[in-house]
Structures are given as structure tokens and as C-alpha cells.
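Student: Pasting the sequence and the predicted model now:
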Amino acid sequence: MGEPGQSTDRDAEQRVGLGLLSRFIGAVFLVLLGGLLLLDRALLRANRNQARLDVQSSALLAEAFVAAHSTLLGRVNTLVVEHSAAGDSMLLRSEAEALLRSAPEVRRLWATSSDGARLFEVERSTGVAPLPRRLVDSLDHVRAQDRLAIGIADRSSSDSTGSALISMVRPIGPVDDDGVADSVGTNGTGRNTLIATPPKGTVGLVVDGVALRRLLNRTSADTRMALVVLVGTDTLTALGSRSDERVLVGAVEHAIARLPNGGTWTVVAIHALTTRGQRWGMWALGVAGVLFLAIGLLREQKRALHVAARSVELERLYSDVKRANQAKSEFLANVSHELRTPLNAIVGFVELLRDGFYGDLTPRQVPPVDRIAASATHLRHLVDQVLDIAKIAAGRLEVHAETIVLRPFVLNVASELESLVSEKGLALSITVGASLPRVRTDPTHLRQILINLIGNAVKYTPAGSVSVRARLLGAPDEIGMRTPTPRAGMDDPSAAALLARAPRPGIWVALQVLDTGVGIAPSDLARIFDEFEQVNAGPRGDSMQRGTGLGLAISRRLARLLGGEISVESVLGRGSTFTIWLPVSPADLARERPATGEAQVVPTA
């Protein structure tokens, strides 16, 4: 067998559901950890999508940039075809300069014949440095080979600006869908013009790559680290180039920019997936939250386990106390029962002695025999009280309800105590109307309650009077008006005030025992109904005067068994009023007898 503490712990764990709670904590931890992983994946996916959109939009911008300048070059080609046929070189140069002013990113426009002679040359001269002479000479010798040629004019310029010069060269004359020159041109108005002898040579322009750089930089994303446009393996322009040591990984995406001549450029975008600080912060906060939650759940589990252990311990203690109380009640019942048998024999033989069954007593023998009789009667009364409280605690006290008439019942009980009242020189008055309805109750228990209350009133009243009165409360008006009641006074509250103290709504007979004795302090009113509690008890040597403190406890329990209650009002030094609340059935009101007056018994002192 295990130790009691181990059994208590196991019971507490079963009550709290420790295994289920542990599994719940583990499940919560895994769910939160999975949520962090999903959040991290979502951030990475969002960064990659942003990088993909950025590189695709940059490729489209590059295509549009090249297409726009290809169109511009076509317009230059048209001017050369038209003015070469007219032989007006000055007008050709003038219109070429106008085109150059409308396109600020174009650095140079030119046209050369097939033998290398310049037909015209226009170069931007303000705001930028002139092109190197070697670059100009090399561009003049570029031949388009019957198709548009797009390439890097000068790679050295990318060292300072980050963007190279872009050259675009095409043969003079119209070009069909295959990019081959034919004999049909356009005059700039949208109508084709047949050229009998199209000139031979090339037209070209040089575009500053910084313009492309500015265009691509307009759509720069927050997470972009770098954007590079490649022509083959050469870098045309590079943007961003942001270096951040906190970046963990870069998302690299590629896109193809398709050129009008069928060539391609490659656009590469590098985006930061997320910063090291952000990801570490997210994970730190997430893990800290999970740990705090786990710690809180564990503390709550520990507290619940402690409370469950205390509950199990209290239940065990309650069970032990209940068994001990039951054993005490059984012991008291058995002992009281065993004591009553010899006490009955003692009382019986004492009565035989007093009746002269064994011969007449001498005057000297009479007082001791009377003392023996009084002590035996008192001891039997105490044993009966202990037996009653044991039966009530064990739930073995039975109630045998009968319908009684209250007036003669009270007079009968009062007559039994008349000698006790006369011995102390008190006045006893009984005010119980004959018109009161019959009451269905246990006469034995009600008699015991009245005897206890009247006995206590006589016991704690040195001088004055003891009164017993009854009134009907809560009845219909036509019955209540025919039922005589005492006149209300200082010590006799009105029916409404008295009914407000009833245990619950209903029809009641309030049977009151009043005295003019020592009274009870307000602080003692609650404890006088507890077992073995006494107020103003006599000295311990005088047991017959002191009592056991069970009378009021038994009376209240008996009253509750009868469906009623006992209440008390008292003023210290002026006396007390104990009220027995007896429930009245509405059916008993129909059997009410006509009023025949009141009875008042006043024994002489």
C-alpha cells in the first residue's frame, strides 16, 4: 500500500486532469511554433513575389525605353531619306537638332553614307561633357548590316555614373518585318513613298544610360537591394547596390527585355527577404510569448494541483470528522440509553420509598430521599436531552404529526410547570384564543419545546412574570378579524411587524414565551442556539442550576423538524421573547371554531 500523501497526490492529479493539461500545453506550444514558421514563410514568399513583380516591371520599362528610342531613330531615318532626295542638308540638320532638343537623354544623332562620309552630325553641347573623339570615330564606322543594331557604345562611362552609353544604328531606308532594307520609305505623314534610288549608309544615335537608370529607379521597391541590366555578359546599368549587413538572404529574380531587333537584355533584381533584426525580433517575441504562456499554464497547473490536493485533503478530513461525529452520536445514544435503565430503576425505587412501600420514612429520612429523587429526576432529564440531540444529529428522530387544539394543549403544559413558577414567586399568564385554528404538528415535540422555553424563562427571571400567548398571522382578513389578539404595546409589536420576522411567507401561528428576566446581549443572540452554549450559566458546582446548554439547541432543531422555526428578541435587563413559528394549513382554517374568549391563569406567589 502506498503512503497517504502519494494517494492524495494521485487523486489530485486525476481531479485536475494533469495528463490532459500537459498534452494541451504541448499542443499549444506546437501550434504557436507552427504559426511562427508559417509567418516566416509568408514573409519570405511575399518578398519573393515583390522581387518577381519588380524585375518584370523593370523589364517592361526597359523594353518601352528601347522602343521609344527606336521610334525616334526611325523618324531620323525618315528625315534622311526625304532630305537626301531633296538635297537640302541644312534643313536636315535643323530638323535633327529639333529632334535632339525634344529628347534630352539623346547625346548624339548622326548619319553617314556608305563610303563613310557624314551626311549630318548633331551632338548635345550643353549640360554634359562632349563625347570622346575616339568614341565618335568608332560609332561612325558602325554598320547595321541591314538591321537595327543596339549595343553598348562606351563601357568606361559606367565607372562613374553606373550606366553605360547605349548606341542604336540602323541602315538608311525603310526596313520590313524581317529587318531588311527595302525601297519603300515614309515621309513622316504616315504615307509610304517609293524611293527610286534609296541612299546607302546608316543613321544612329547615342542615348545616355543614366536616363534608363532614372526610369528604372522610379519603381524602386523598399526591399530592393540591386537591379542590373545585362547585355550579354556586360553590365548596361546597375541600380541600388544597397549593402545591408542585417540582410540574411537575397531573393534573386530574372526577366528578359525583348528588343525591337529581336535581341534581348537580361534584367536581374536582388531583393532582401527580410532583415536579420526583424526576423530575430519576430522569433524572439514569438518564442518569448510561447514560453510565458507555458510558464503561466504550468503555474496555473501547479496552483490547480495544489487546490485539488487541498480539496482531496479537506474531503478526507471531512469524511473523518463525519465518521467521528457519527461515532460520537452513536456513542452518546448508546450511553444515554444504557444510563436511562438504571436511572429509571433509581427513580422507581425512590418513589416506592416515598410512597411507604417499604415502610414509613422517619422525618430524618425524608429530606435525603427527596434529594435523591430530585437528583435522579434531573439526571434523567439530562440523559434525555443528550439522547435527543444524538437522535437528531443521526437523523433518527421521528415526527408523528397530529391535529391539536392549541388552547387546551398550552394550558396543560403550563399546569405542569405551575409549581415551578410558584416556587420562584412569579406570575404566569396564558393568552391563547380559542378561535385559533387547529395545528397539525407532533404534540410530543411541541410539548418539549414549550417546557424548555418556559423552564428557561422561569430560570432566568428573578422576579416579575412569564407570559405565553399566541396569535394567527398571514391569514385572510375575514378570519384574522374574528381571531382575538393581544393589544399591541411596547413589548407587543404589531401583527405586520411580527409577520415580517416569519421564516418564509405563509400562514403561521406565532406562539410566544415572554419573560421579564435578565435578558440576552445582542452579541449572544446568535450563539444561544448552539450546542453546549450557555449565557449567564450558574456556577459549575451547582449542576442543577447550570444545566447542559442543550435545551435551546434541541428546541430549534425540533421546531425545524415540525416545519417551523424559533426566533428570539431580547433587551438586556428587560427580558426576552422567544417565538415558536407553527405553520398552519389553509385546510385547517376552514375548521375554525367560534371565538369563546381567552383564558388567563395567574398563580399566586
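Tutor: Received it, and whenever you're ready, just let me know what you need.
Student: Please verify my assumption that residue 508 contacts residue 579.
Tutor: No - in this structure, residue 508 is not within contact of residue 579 by C-beta atoms under 8 Å, at 9.5 Å. C-beta here means a position set from N, CA and C on the backbone, and glycine is covered the same way.
Student: Surely residue 119 is within a strand?
Tutor: Yes - the assignment for residue 119 is a strand, going by DSSP: H, G, I helix; E, B strand; the rest coil.
Student: In contact with it: list those residues for me.
Tutor: By C-beta atoms under 8 Å, 6 or more residues apart in numbering, the residues touching residue 119 are 80, 84, 89, 92, 110-113, 199, 201.
Student: same thing but 7 Å
Tutor: 80, 84, 111-113, 201 (C-beta atoms under 7 Å, 6 or more residues apart in numbering).
Student: Tell me which helix or strand residue 326 sits in.
Tutor: helix 276-354 (DSSP states H and E).
Student: Please state the offset of that helix from the chain centre?
Tutor: On the basis of C-alpha atoms, centre = their mean, to the nearest Å, helix 276-354 sits 29 Å off its chain's mean C-alpha point.
Student: mean confidence score for that helix?
Tutor: Per-region confidence: helix 276-354 scores 78 on mean pLDDT.
Student: what's the next secondary structure element after it?
Tutor: As assigned by DSSP H and E, the chain's next helix or strand after helix 276-354 is helix 366-394.
Student: quick one: buried residues of that next one?
Tutor: 372-373, 376, 379-393 (16 or more other C-beta atoms under 10 Å).
Student: do the same with stretch 437-451
Tutor: 437-443, 445-451.
Student: How about stretch 516-536?
Tutor: Neighbour-count burial for stretch 516-536 flags 516-520, 528-529, 534-535 (criterion: 16+ other C-beta under 10 Å).
Student: Please save the CA atoms from that stretch in PDB.
Tutor: Extracted in PDB, the C-alpha atoms of stretch 516-536 (Å, rounded to 0.1, in the frame of the first residue of the first chain):
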ATOM      1  CA  THR A 516     -39.200  40.000  32.400                       C
ATOM      2  CA  GLY A 517     -35.800  38.400  33.300                       C
ATOM      3  CA  VAL A 518     -32.200  39.300  32.800                       C
ATOM      4  CA  GLY A 519     -32.400  39.400  29.000                       C
ATOM      5  CA  ILE A 520     -29.700  38.500  26.500                       C
ATOM      6  CA  ALA A 521     -27.000  40.700  25.000                       C
ATOM      7  CA  PRO A 522     -27.200  41.300  21.200                       C
ATOM      8  CA  SER A 523     -23.800  39.600  20.800                       C
ATOM      9  CA  ASP A 524     -25.100  36.400  22.400                       C
ATOM     10  CA  LEU A 525     -28.300  36.100  20.500                       C
ATOM     11  CA  ALA A 526     -26.700  34.000  17.700                       C
ATOM     12  CA  ARG A 527     -24.800  31.500  19.900                       C
ATOM     13  CA  ILE A 528     -27.500  30.600  22.400                       C
ATOM     14  CA  PHE A 529     -28.900  28.100  19.900                       C
ATOM     15  CA  ASP A 530     -25.500  26.300  19.600                       C
ATOM     16  CA  GLU A 531     -25.000  23.000  21.400                       C
ATOM     17  CA  PHE A 532     -23.400  23.300  24.900                       C
ATOM     18  CA  GLU A 533     -23.600  27.100  24.800                       C
ATOM     19  CA  GLN A 534     -24.900  29.000  27.800                       C
ATOM     20  CA  VAL A 535     -25.300  32.600  28.800                       C
ATOM     21  CA  ASN A 536     -25.400  33.600  32.500                       C
END
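Student: outside of it, which residues touch it?
Tutor: Under C-beta under 7 Å, 6+ apart, the answer for stretch 516-536 is 389, 457, 460-462, 464-465, 547-550, 552-553, 556, 568, 570-576.
Student: returning to that earlier point: next, give me the two most distant ones among the buried residues of stretch 516-536.
Tutor: 516 and 529 (21.8 Å; C-beta to C-beta).
Student: Spell out the residue ranges of the strands in the stretch 101-250 of the chain.
Tutor: For the stretch 101-250 of the chain, the strands defined by DSSP state E, counting those that start in this stretch cover 106-113, 118-123, 149-154, 165-171, 184-186, 192-194, 201-208, 224-231, 234-239, 250-258.
Student: what's the angle from the last one to strand 234-239?
Tutor: By that I understand strand 250-258. Relative orientation of strand 250-258 and strand 234-239, computed by axes from the mean of the first three to the mean of the last three C-alpha atoms, to 10 degrees: 120 degrees.
Student: And strand 250-258, what does it pack against?
Tutor: helix 18-86, strand 264-272 (3 or more C-beta pairs under 7 Å, 6 or more residues apart in numbering; DSSP states H and E).
Student: Out of those, flag the one nearest residue 589.
Tutor: Comparing these by C-beta to C-beta, helix 18-86 comes nearest, at 60.2 Å.
Student: CSV please, covering the strands of the stretch 101-250 of the chain and showing mean pLDDT.
Tutor: As requested, the strands of the stretch 101-250 of the chain are arranged in CSV below (pLDDT from 0 to 100):
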stretch, mean pLDDT
strand 106-113, 86
strand 118-123, 83
strand 149-154, 79
strand 165-171, 87
strand 184-186, 40
strand 192-194, 40
strand 201-208, 87
strand 224-231, 85
strand 234-239, 84
strand 250-258, 85
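Student: For those strands, could you give me JSON lines that also reports distance to residue 363?
Tutor: Listed next are those as JSON lines, based on distance: least, C-beta to C-beta, whole Å:
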{"stretch": "strand 106-113", "distance to residue 363": "158"}
{"stretch": "strand 118-123", "distance to residue 363": "164"}
{"stretch": "strand 149-154", "distance to residue 363": "155"}
{"stretch": "strand 165-171", "distance to residue 363": "154"}
{"stretch": "strand 184-186", "distance to residue 363": "167"}
{"stretch": "strand 192-194", "distance to residue 363": "169"}
{"stretch": "strand 201-208", "distance to residue 363": "153"}
{"stretch": "strand 224-231", "distance to residue 363": "131"}
{"stretch": "strand 234-239", "distance to residue 363": "139"}
{"stretch": "strand 250-258", "distance to residue 363": "128"}
